[in-house]
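Peer 1: sequence-free structure coming up:
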């Protein structure tokens, strides 16, 4: 039986453990901090072994695969040992993606992620779609896949989550902006952080869509490095070459795939940054 060790027993870790157990793996959860009561109960209810306050080296290093909480940096000694011995380390989102064929709408960016993710989720829900909210907000994707599956998922992704995603595919990838953030996790190199954000488009096919802010100089520069397979939908504040979404004469204008207009003042979110989030 394949052994999965989950490092970190928060929302994503506990959810990943439940899904791994359901899929028939031998599962162990380890957290150097104290585990919250709600997650202790979740793990106990599913008969999953766990520890808190430390990592037991032999139990962790015996894993066939490790699911790592996004909050744990690679510089941690235990992660370094796992890397040295060649143990695959993945994120909870990567793991969950293996066990669902649902459509994934994924949002990343240095700013505006939560607002945009919440707005898209609200629109889907209001329109009557069977949709789950996951990633940095909502319940963990893995737990929903295991116990409360949905046809669509709207997922907020941080660069830390994207770091340990390899096969996962976003059907719709949304990149809001890239500004210097969390550089301590990226060897203080902005290009490493930018590359992490661009992982949102990896594995996309011609059937998928990539939505991004056309006026972000960093995104523009990054795009030149990639052979993008997905259909591109750039947006900008004002109408410009290439953009399919913009503001014109006080209206939100979306040119394709389905033409759509909406009065700017009809939108409940105010402020310039919310123009981009809304587009």
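Peer 2: Everything's here; your move. Just so we're clear, the structure is a prediction, and the values are computed from it rather than from any experiment.
Peer 1: show me where the chain has its strands.
Peer 2: Counting by DSSP state E, the chain has strands at residues 3-7, 26-31, 49-52, 65-68, 89-90, 103-108, 131-135, 152-156, 172-175, 209-213, 231-238, 245-248, 251-254, 260-263.
Peer 1: what's the closest of those to residue 196?
Peer 2: strand 103-108 (8.9 Å; Cβ to Cβ). No exception for glycine: its C-beta is placed from N, CA and C like everyone else's.
Peer 1: could you report the separation of residue 58 from residue 210?
Peer 2: 44 Å (Cβ to Cβ, to the nearest Å).
Peer 1: which one of those two has more residues nearby?
Peer 2: residue 210 (21 against 6; other Cβ atoms under 10 Å).
Peer 1: how far away is the residue lying closest to the more buried one once chain neighbours are set aside from residue 211?
Peer 2: Sequence neighbours aside, residue 230 is the residue nearest to residue 210 in space, at 4.2 Å (criterion: Cβ to Cβ, 6 or more residues apart in numbering). Counting by Cβ to Cβ, the gap from residue 230 to residue 211 is 9 Å.
Peer 1: what does residue 276 give?
Peer 2: Distance of residue 276 to residue 211, computed by Cβ to Cβ: 11 Å.
Peer 1: per-residue pLDDT, the residue lying farthest from the centre of the chain?
Peer 2: Distance from the centre of the chain peaks at residue 249, with 34.6 Å (Cα atoms, centre = their mean). Model confidence at residue 249, given as pLDDT, is 92.
Peer 1: name the residues contacting each of residue 276 and residue 211.
Peer 2: Contact criterion Cβ atoms under 8 Å, 6 or more residues apart in numbering; residues shared by residue 276 and residue 211: residue 235.
Peer 1: quick one, helices of this structure?
Peer 2: Per DSSP state H, the chain carries helices over the ranges 11-22, 37-45, 57-61, 77-84, 92-97, 113-126, 141-147, 159-163, 190-198, 217-223, 272-278.
Peer 1: got the angle between the first one and strand 3-7?
Peer 2: Spelled out, it's helix 11-22. 170 degrees (axes from the mean of the first three to the mean of the last three Cα atoms, to 10 degrees).
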